[in-house]
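> structural data only, the sequence is not supplied:
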Ligand SMILES: N[C@@H](CCC(=O)N[C@@H](CS)C(=O)NCC(=O)O)C(=O)O
């Protein structure tokens, strides 16, 4: 049985969507990152990077959301493009683009605009503009075709969906006007029954909601090194 290590946040959301779309049986294992559960020794043997999502499947252990999506797609043979070097190369390009562009820039945009102890205009501007630039590229792709790789729904659409659900948080309330094709894609995927089941997982456990000093300590441990 697959064990899916989960917190209700954008990267685990991609995996929840895939598992629900594929109808794979899985056990949901909560990792309450605001309580520091990502640093428990037993979790670090599964994800040494101390983040969610992670997954075990028999003797296989996989971490990092985009790697997990590829693992599940290859395991099931579902939500993949055609098996040609060209189609696979294009799929990997977009998967890496989401992994190295969308995720990190959205994450840092949220961090510097909302959570950093100082408001640093240079950092706020840099990450907000870079997050927007990356979403502009996704929007242009979705302006040409229904889904990220063409007319078929694939793992790349699931990968994009994870952070698209938090776009107002990452790039502000006007995101839907700036990125109408992303909005159309988000709305279509969010209406799928599998997406609704994936979103409902957040209610399966009472995750800590307070963003208090304890949560900040666990989510931003590097701040302990800041000189006052
Ligand atoms: N590159 C990783 C990033 C994972 C990540 O940042 N996960 C967040 C939730 S979206 C997390 O676990 N944060 C808790 C922490 O940073 O301690 C992936 O795509 O899975």
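Structure's in. What do you need? Since the structure is predicted, the reported quantities are computational estimates derived from the model, not experimental observations. Residues are numbered from 1 along each chain as shown.
> tally up the residues packed near the residue lying closest to residue 164 once chain neighbours are set aside, please.
Leaving aside its chain neighbours, residue 164 sits nearest to residue 186 (4.4 Å; criterion: C-beta to C-beta, 6 or more residues apart in numbering). The way it works is simple: take the backbone N, C-alpha and C, and place the C-beta from them, glycine included. By the criterion of other C-beta atoms under 10 Å, residue 186 has 22 neighbours.
> for residue 186, give its distance to residue 162.
For residue 186, the distance to residue 162 equals 11 Å [C-beta to C-beta, to the nearest Å].
> that older thread, tell me the pLDDT of the residue nearest to residue 164.
pLDDT recorded at residue 186 is 98.
> what's the following helix or strand after the helix or strand encompassing it?
Here residue 186 is covered by helix 180-190, with elements defined by DSSP states H and E. As assigned by DSSP H and E, the chain's next helix or strand after helix 180-190 is helix 193-200.
> show me what the mean pLDDT comes to for that next one.
On average, helix 193-200 scores 98.
> kindly report the same for stretch 22-33.
98.
> show me which residues of stretch 163-176 are buried.
163-167, 169-171, 175 (16 or more other C-beta atoms under 10 Å).
> so how far does it reach from one end to the other?
14 Å (C-alpha to C-alpha, to the nearest Å).
> for residue 183, which non-adjacent residue is spatially closest?
Nearest one to residue 183, counting by C-beta to C-beta, 6+ apart, is residue 176 at 4.4 Å.
> what's near enough to touch that neighbour?
When contacts are counted by C-beta atoms under 8 Å, 6 or more residues apart in numbering, residue 176 touches 167, 182-183.
> count the residues that sit near residue 123.
16.
> same deal with the one 3 residues further on?
As a burial measure, residue 126 scores 15 neighbours (other C-beta under 10 Å).
> buried stuff in the host helix or strand of it?
For residue 126, the host element (DSSP H and E) is helix 121-144. Using 16+ other C-beta under 10 Å as the burial criterion, the residues of helix 121-144 that qualify are 123-124, 127-128, 130-132, 134-135, 138-139, 141-142.
> got the angle for it vs helix 180-190?
70 degrees (axes from the mean of the first three to the mean of the last three C-alpha atoms, to 10 degrees).
> just checking, what packs against helix 121-144?
Packed against helix 121-144, as judged by 3 or more C-beta pairs under 8 Å, 6 or more residues apart in numbering; DSSP states H and E, are the following elements: helix 85-97, helix 103-110, helix 167-171, helix 175-178, helix 180-190.
> bridging residues for residue 60?
residue 57 (DSSP bridges).
> 4 is where my numbering starts, stick with that
Yep, numbering from 4; the last one is residue 63 now.
> just checking, it touches residue 71?
No. When contacts are counted by C-beta atoms under 8 Å, residue 63 is not listed as touching residue 71 (10.4 Å).
> contacts only, for residue 21.
71-72, 75-76, 82, 158, 161.
> how close does it sit to residue 52?
For residue 21 relative to residue 52 (C-beta to C-beta), the value is 20 Å.
> try residue 187
33 Å.
> with residue 123 instead?
For residue 123, the distance to residue 52 - C-beta to C-beta - is 26 Å.
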